[in-house]
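**Student:** The following comprises the amino acid sequence and a computationally predicted model.
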Amino acid sequence: MKYKVGEIVEGKVTGIQPYGAFVFLDEETSGLIHISEIADGYIKDIHKYVRVDDTIKVKIIDYDKETHQARLSLKALKNKRAQFRKRTELSDATLPPMMKGFSTINEHMDQWIKNAEEEMKHDEI
């Protein structure tokens, strides 16, 4: 079967790795949902979004006709209204005061992870 970029298809999750989920589309075609295409924001555990043997809908974002391999996305299927709402909320937010000097990513990582987890909980509601 031939697929087109932008097409929404149904597939079965066959495996999960820290970098993404493998999806069976048909006898000739399989694909990968890279972790960056699972959802917006930081993804700590892919298993919170998909599990092996789940049948899911995904969007094809790239397709190699020779190898029958597809790059897939879950986040591309998110409700456009929800994405608009998030952008609006972000644009209305005030920025924290800027500080002079250099601070490492490590100093802020715990807070960023906490913020991402809270946002994921909010999205599930």
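**Tutor:** Noted; the coordinates are in hand.

**Student:** Could I get the buried residue list for the longest helix along the chain?
**Tutor:** Scanning the chain for the helix with the most residues, using DSSP state H, yields helix 105-124. By 16 or more other CB atoms under 10 Å, the buried positions in helix 105-124 come out as 116, 120. All C-beta spots, glycine's among them, are computed from the backbone N, C-alpha and C.

**Student:** Which secondary structure elements does it sit against?
**Tutor:** In terms of contacts (3 or more CB pairs under 8 Å, 6 or more residues apart in numbering; DSSP states H and E), helix 105-124 is not packed against any helix or strand.

**Student:** Nearest spatial neighbour of residue 40, chain-adjacent residues omitted?
**Tutor:** The shortest distance from residue 40 to any non-neighbouring residue, by CB to CB, 6 or more residues apart in numbering, is to residue 75 (5.8 Å).

**Student:** and that neighbour, how far is that from residue 32?
**Tutor:** Noted for residue 75: a distance of 14 Å to residue 32, by CB to CB, to the nearest Å.
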